[in-house]
Structure formats: structure tokens, C-alpha cells
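J.: for reference, the sequence and a predicted model appear below.
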Amino acid sequence: MDKQTLTQEKAYLDRVYTEIDKIKDKNSQKIKQNKQDIQNHKSFFVENFYDIKTGSDELASVNLQIESLENQNAMLEKENARLKRQRKNPYFGRFDFKGSTDTAPKPYYIGLGLVQNAEKENLTYDWRADVCSLYYDDKIGKTSYTCPEGEIFGEVTLKRQYKIEDGKLSYYINSNLVIDDDILMEQLSKNASTKMHDIVSTIQKEQNTLIRAEDFSNTIVQGVAGSGKTSIAMHRVSYLLYKYRKQLKSEDILILSPSELFSDYLSEVLPALGEDKSFTTTFSSMAKRLLGEKFETREEMLERVIGKQSQTDFENIAIKSSFEFLDDLKKFLNQDICNLFVPKTLTFGDLVISKEEIFDIYFKKLKSLSVHKRIEVLAEFISDKFKVSASKKIDLVKRAKKILYGKFLTTDLLKIYNLFLGSLELPEVESIGAYDVAPVLLIKENLFGLKNNYEAKYVIVDEMQDYTPCHFFLFDKIWHCGKLYLGDVYQSIDRTLPASYLSLLAKQTKSKVRYLNKSYRSTMQISLFSQKILNKHVANNVNRTGEEVECIRTKNVAAEIEKALAKLKKAQSVAIICKTKTEIRQLQKQSAIIKKFKLLESDKISSKKVITTPANAKGVEFDCVIIPFASEENYHNQLDRNLLYVSSTRALHKLFFITDKEPSKFLVKSKK
């Protein structure tokens, strides 16, 4: 760094800080004045209560002014919250761009949001602005970017990255790359906290392409562990809310999260990016409302299946998660389920509707519709026979529907589902298992329709490998909008997904597939070791080196864990990842130290330094991971291999495998 440039950059940083403080102060003063004006309007209303006529223009005017001032304050408070966050790091990059009509390059400083001075000069640009795509996508040289005015051609002449700490410029780096390895490595090497951080300053080109995709078409993102899938999803939401702010609001975007824990994990990302939280739910929560019946959750199923390792369970999962199972269910919904309705002559006083007429309407004229739509049309047809007012007709339609549903052989969802299973010569179920939920919901949707309280204009589905073709078909029934599916087929822990899975899923969901093959989470040593467990090379790694993975055989697993923990005092987060909760309880009995540690529940993130968790806690990451009982007896089949892979890829810096028996064959570098 030459001294003159460093002096100029420091002066510019001071200028930005000064302007941020000015804007915040101005906003605070305006908020204070608005609150006083609101109070004055309310006082005027109280003092003149008896003189102002209800429904008068004067009353409407007062209400409108109060509402306008309250909305303005909400916007100003939101901007101040963003500026407060941005003040910690006003900008992280700069590029100089000379348009084809410009006489000289213009500097663009990129930060969390826009900072303008009183003369409307942009001191920093929002990272989501069209022109800022040049920073992430292009190297120095001739280039172009697209904006509402069209394609703008020009040349990037400089690309610079900054390290700003405690209000001071530590250093800057000129780079021809998207993100300089030094800065990226520094960000990646930081200890993990319990909340996901934004990655605006380290977005890579392949990630940026997904974040800034202009269309809302269905997209499948197959990303290896640590490739930044979930961070990309959050930044995509932020980008869409910025780009389409007139058409989209945060509540228009729904995120289907793998667990309540992960929903909490994501909770601070959008606010950190200057946006309101989107609605986040889990499939289990949604199914409870839509189904209204008890069922086995995925977490309960995994604990049972992983613990018992029953061949019957594996076969059941394989069948019900297949594309063929969905094809059979579609045929059942289009044909067999309709035959549960038995038309009969209906008599209402002097009005008689013959069963032949009902048969003709239901089975012939409406044969392309689902059952509930046929019943709705029939109910309307019956009510139209009565010459009554619109309000009375609503009650008639409800009554007619009740009568018509009474003509079905059965409307019990579990009985109908068992009829379907029987048609495939599959065993009936006494209760709704985790892999039965989506098919039963599809039966309910066909029979009664679903009262959906989850409207959305864009949907993000995380951990897509946890869902079956039936789930994806159900999602299309619930949401008629664009969807972003993210996941990793190599992290499927209850079934093995075939090589053709992604292409078949893309065909079903009418999606394009995008791949993220670079892992940014773990050190090179951990990443390579994890891939050897998987017995596949699935990821390219950033060149961040660390300690070797330790595989330890001992007579006392709990005591060995205590020794490992003693070495990890500087780690901010440590996870002891067991195969099941039974193993966790075993360790707790053997060690008073381990007994004190918080169990990572499925619905709550922990702020504790050390936690214990079963192996299905995907998505979250830790400085260090300890995997006990990693023996051949405990981890021996393909799904066990996947479990070990998922658990090991949670680690950023340090990974231990500890066993009191013969180490699993998947631990290729085992040592006694």
C-alpha cells in the first residue's frame, strides 16, 4: 500500500463515517418531530371529538396524516437500524468503472446499503444494485452490466477490497479476482457463533449468479456441504426484495426450513441485510395445520430408523420415496378415489335430482376435476335449483356439500390411504408415519382441498434431499409460484439417492439444475477426510489448511472426550455428535462433565459453548466436532457412511473420531 493512496482511502472512510452519523441524526430528529406531530393530531381529535362528524373528510384527513407519519417513522427507524449495522463496516469493496460515454473511471464503493450525502452523491452503493454485479462477476477489463436502461458497456479499471475494524482502515488489497484469497481465508477462519452471518463481503461469482438470477422460474441448487447454499438463499431473498421492492414484500417470500432450530439459526440474517424477516416455517408445522391429525415427525422417524437399522424400515422408505410411488398415487387420485362417491337420488320437498343426473355431472362432465372441485360444482348446481338470495345460497351450498360427502363410501383419510397401499400390495399402516404425511395430504387435497394459510409469491425449500417426490408434488399444489430448492444429495441420511435423482426431480418440478461444487466451510484436512468417508470426490476446497483429523481408539470414550475438550478451550463452539439420543444418554451417565452440556433441541439454538446433538442436525456448523462410538459395529452400511459424512462436515477447524472398538472401515486413516 503506497502512503498517498492509503491517506486518500482513510480520508474517504472518515467522510463516509461523518455522513452516516449525519443521516442517523437527521433521521432521529425527523422521527422525534413526527412523533410530536402524531400526538398533536391525536390531541386535536380528542379536543374536537364532538365537533367532528363520523365519516367526515376532516376525520379521514386526520387519520391519513397520522398513518402517513407512522409509516414514515417505520421507514426511518429501519434505515437507522441498517446504518447502525453498516457503521461497523461502511463498505468492503470498491471497483472503478468507465462507461463507454465517460471521460474517466468512476469509483463505486460497495456496502450493506446506500449512503448519500446532502448533494445526493452516492458515497456507498447497495451491494444489490445492478452496477455492483461487476464487483462480483468480472475481472479487470472490458465488460458490461444490465440495468433498467439496458446493457451498459465499459471497462473495470480497478478492483479493491478493504479490511475495516473498530472504525479504522486496517488495510486494502488491489485484486484482479472476485474476492482476494487473503480476505476470504480470514473470514472463513473465524470461529463459529450460533447465528449465521451475512456473506456479502465474500460472495463468489458462482454464488452471485444464483443470488441475482432475474427470473422466478424453479431452480434446483445441488451444493456440497459448506458451499454456502443457505447463505445464498438468504441473500437471494434480500436481493429480490430490493430488486422488486414495488411488487414484493418480505411476507410474500416463504422459507421452508428443515427444523425450528434452523429457522432460529437464520433469524438474524435478513435483518442484518437490512430487510424484514420473511415467514419461515417447517414442513412438520405446516402439516400439523393442514392435516389436523397426529403423525410421526421426521426427527422421530430418524431416531427410530437410525437406531434400529430395520430392513423393513429401509424398504418402506425406499418405496414411498420413489418416483414410481408418486406415479401410482397420481393414478389413484385421478381414478380410484373418485369411485368412492356413490350417486343417489336427492329429494328436497318437491325438488328431485335423480342419481342419473348426478352421475352424469360427477363422472362425465367433471371427470377432469379433483373430487373436491366436483363436489363444489355439484353443490352449486343443487343450490341454483332453489330461487333464494345470495346470502341464503351460501348456507345452501354448505348443506349440499355435507349431503354429497355423506354419499361417499368413506372420507376417512387413513382408510383411503390404506386402500391405496392395498392396491399396490403394500402393508397397511395403523398411524401416519413420516413418509405417509405427504401422500395423505395429497389425498386430503384431492378430496376436500387444503385451507392454505401459507400464501407466497416465491418459496425457498432448504435441505431438499429430505423430501420425496410426493412432497414436491404437494408443494406445487400449495404454491403456484417460483421455487428455489437447495440441498445436497450426498447428505441424505435415511435413503440412498440414485445418480438419476436430480434429473428426474428437475423433470417433475420443471426446474433447471445449478451446481455448487466448492466448499468454503472446513479446512482442507477435514474436507478431504470427509470425502474419503463418502468414498467420492464431490467438492473442491478453498486452500485453508488446519490440523489433521484425529481418529482415537480408547477403552473409555467419555474420558477421551473430556481430554479432547480440555484441548479446545479457545474454540467458541464444540459439538459432540452422536448417532442417536441413546448414545448421548450413555455418555451423560459416564461423564459428569458431558452431563452438564446442553442438548441441541430440534426447535431451539443453543448459545452454549459445548453442546450434544444427534447426527441429523444438518446445516449448523461448529469450530470443533467430536464423533463418539465411531466403530465398525456402529457405522457399517451406506447410510452410516452418509451419517459420518454429514457429521464430519459440520466441523470448521478440528475433527475427532473416538471409538472403544474396531474403528469403522469408513475412517480410512484410523490409528490406534
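T.: Received, thanks. Numbers count the residues shown, from 1 in each chain.

J.: could you use CA atoms for every contact and neighbour count after this?
T.: Will do.

J.: L123: which element?
T.: strand 122-126 (DSSP states H and E).

J.: repeat that for K98.
T.: strand 93-99.

J.: may I have the strands that pair with whatever helix or strand comes next after that strand, each with its orientation?
T.: Downstream of strand 93-99, the first helix or strand assigned by DSSP H and E is strand 106-111. Neighbouring strands of strand 106-111 in its sheet, by DSSP bridges, are strand 93-99 (antiparallel), strand 122-126 (parallel).

J.: pick the most buried one from these.
T.: Ranked by mean neighbour count, the strands paired with strand 106-111 are led by strand 93-99 with a mean of 22 (mean count of other C-alpha atoms under 10 Å).

J.: which residues are in contact with it?
T.: Residues outside strand 93-99 that contact it (C-alpha atoms under 8 Å, 6 or more residues apart in numbering): 104-111, 134-135, 152-162, 201.

J.: pLDDT weak spots in this protein?
T.: Low-confidence segments of the chain (pLDDT under 70): 1, 49-50, 52-56, 138, 176-202, 261-274, 601-608, 616-619, 668-672.

J.: which residue of it sits farthest from its center?
T.: D350 (57.9 Å; C-alpha atoms, centre = their mean).

J.: look up how far E425 lies from it.
T.: Here D350 is placed at a distance of 47 Å from E425 (C-alpha to C-alpha, to the nearest Å).

J.: name whatever forms a beta bridge with I552.
T.: I658.

J.: quick one: buried residues of the helix or strand Q72 falls within?
T.: Following DSSP H and E, one finds Q72 within helix 57-88. Using 16 or more other C-alpha atoms under 10 Å as the test for burial, helix 57-88 gives 62, 66, 69-70, 73, 76-80, 82-83, 85-87.

J.: list just the nearest of the residues you listed to N27.
T.: N27 lies nearest to L76 out of the buried residues of helix 57-88, by C-alpha to C-alpha, at 5.9 Å.

J.: measure the residue lying closest to the closest one once chain neighbours are set aside to A74 for me?
T.: Leaving out its chain neighbours, the residue that sits closest to L76 by C-alpha to C-alpha, 6 or more residues apart in numbering is N27, at 5.9 Å. N27 is 11 Å from A74, where distance means C-alpha to C-alpha.

J.: one more: F408?
T.: Applying C-alpha to C-alpha, the value for F408 to A74 is 53 Å.

J.: again with C578
T.: Separation of C578 from A74 (C-alpha to C-alpha): 46 Å.

J.: on that earlier part again, closest one of the buried residues of helix 57-88 to V646?
T.: Nearest to V646, judged by C-alpha to C-alpha, of these is R85 at 33.5 Å.

J.: if I look at the closest one, how far off is K373?
T.: Where K373 is concerned, R85 sits at a distance of 51 Å (C-alpha to C-alpha).

J.: kindly report the same for E121.
T.: On the measure of C-alpha to C-alpha, E121 and K373 end up 58 Å apart.

J.: how about the nearest residue to P663 once chain neighbours are set aside, what does it touch?
T.: Closest residue to P663 apart from its sequence neighbours, by C-alpha to C-alpha, 6+ apart: S631 at 4.1 Å. Each residue near S631 by C-alpha under 8 Å, 6+ apart is listed here: 659-664.

J.: just flag the most distant two among these.
T.: Most distant of these, by C-alpha to C-alpha, are D660 and S664, 10.9 Å apart.

J.: ok, those two, which is more surrounded?
T.: More crowded of D660 and S664, by other C-alpha atoms under 10 Å: S664, with 23 against 17.

J.: which other helices and strands contact the lengthiest strand in the chain?
T.: As assigned by DSSP state E, the longest strand anywhere in the chain is strand 150-165. For strand 150-165, the elements it packs on are strand 93-99, strand 141-147, strand 168-174, judged by 3 or more C-alpha pairs under 8 Å, 6 or more residues apart in numbering; DSSP states H and E.

J.: what angle sits between the last one and strand 93-99?
T.: Right, the one you point to is strand 168-174. 50 degrees (axes from the mean of the first three to the mean of the last three C-alpha atoms, to 10 degrees).

J.: strand partners of strand 168-174, parallel vs antiparallel please.
T.: When DSSP bridges is applied, strand 168-174 pairs with strand 150-165 (antiparallel).

J.: gap between whichever strand or helix holds the residue nearest to L76 and the chain center?
T.: If you go by DSSP H and E, N27 is part of helix 3-47. Centre-to-centre, helix 3-47 and its host chain are 34 Å apart (C-alpha atoms, centre = their mean, to the nearest Å).

J.: show me what it is packed against.
T.: helix 57-88, strand 115-116, strand 168-174.

J.: cutoff 10 Å now
T.: helix 57-88, strand 115-116, strand 122-126, strand 168-174 (3 or more C-alpha pairs under 10 Å, 6 or more residues apart in numbering; DSSP states H and E).

J.: okay, the ones you listed in a markdown table with distance to S519 next?
T.: A markdown table is the format used below for the helices and strands packed on helix 3-47 (distance: least, C-alpha to C-alpha, whole Å):
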| stretch | distance to S519 |
| --- | --- |
| helix 57-88 | 28 |
| strand 115-116 | 33 |
| strand 122-126 | 27 |
| strand 168-174 | 24 |
